[in-house]
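**Student:** Next comes the sequence, and after it the predicted model I'd like to discuss.
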Amino acid sequence: MHALLGGEELRDLLVERWGDGVAPAGKVERDRVAEIVFADPAELGWLESQLHPRVGERIAAWAGEHPNELRVAEVPLLFESGMEDAFDATLCVVADEDVRRRRAESQGKRLLEGREGRQLSQEEKATRADHVIRNDGSLEELQASIAELLETLRGGGATDRP
């Protein structure tokens, strides 16, 4: 999505819809877009109607360029958008709520409540996902868990769900 928001096509659509303030100096300000769409469900629906088909097209093209390889795509609204069937396996990374909030605040993320309100709960995503990784610890611990899962997906490890 970030690459799409940086492109001219989507930038022009956003400016046409919401005015020059969303892309001063020709660059989309994601915080401004977030303020608009999380304050108005109709605007969020419009944005998603523009983004989701483009994301799907990019993922399909990218997968076609890399046949027979392990491919990983980050899709924040995977289950909400109904795109999970496009993938052979799904992963949900979960963390305690206080850890998530602290991390978001340390990155200067605003409107976390508005974003969370549009997403399934972590518990629901974990139930739907094929694999679940807890991310309450260090970056090194997360990397080790991901490496273990990648080994499993490549066929070199146990297949028990974490």
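**Tutor:** That came through fine.

**Student:** Now stretch 101-115: average pLDDT?
**Tutor:** With pLDDT averaged residue by residue, stretch 101-115 scores 69.

**Student:** same for the helix or strand that contains Ala147, what does it pack against?
**Tutor:** Following DSSP states H and E, one finds Ala147 within helix 139-153. Secondary-structure packing of helix 139-153 (3 or more CB pairs under 8 Å, 6 or more residues apart in numbering; DSSP states H and E): strand 131-134. In this view, the C-beta of every residue, glycine as well, is placed from N, C-alpha and C.

**Student:** just checking, what packs against the strand it packs on?
**Tutor:** Counting by 3+ CB pairs under 8 Å, 6+ apart, the packing neighbours recorded for strand 131-134 are strand 91-94, helix 139-153.

**Student:** Now the helix holding Ala147: average pLDDT?
**Tutor:** For helix 139-153, mean pLDDT rounds to 94.

**Student:** How about that helix, which residues are buried there?
**Tutor:** Leu142, Ser145, Leu149, Thr152, Leu153 (16 or more other CB atoms under 10 Å).

**Student:** okay if I get the residues you listed as a markdown table plus distance to Val55?
**Tutor:** As requested, those are arranged in a markdown table below (distance: CB to CB, whole Å):
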| residue | distance to Val55 |
| --- | --- |
| Leu142 | 24 |
| Ser145 | 26 |
| Leu149 | 23 |
| Thr152 | 26 |
| Leu153 | 22 |
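
**Student:** quick one: which of those is nearest to Glu16?
**Tutor:** Leu142 (39.9 Å; CB to CB).

**Student:** Now do the contacts for the closest one.
**Tutor:** Going by CB atoms under 8 Å, 6 or more residues apart in numbering, Leu142 touches Val93, Ile133, Asn135.

**Student:** Show the model's pLDDT score for the residue sitting nearest the centre point of the chain.
**Tutor:** By CA atoms, centre = their mean, the chain has its centre lying nearest to Pro76, at 2.1 Å. You'll see Pro76 listed with a pLDDT of 78.

**Student:** hang on, it is in a strand, isn't it?
**Tutor:** No - counting by DSSP: H, G, I helix; E, B strand; the rest coil, Pro76 is not part of a strand but coil.
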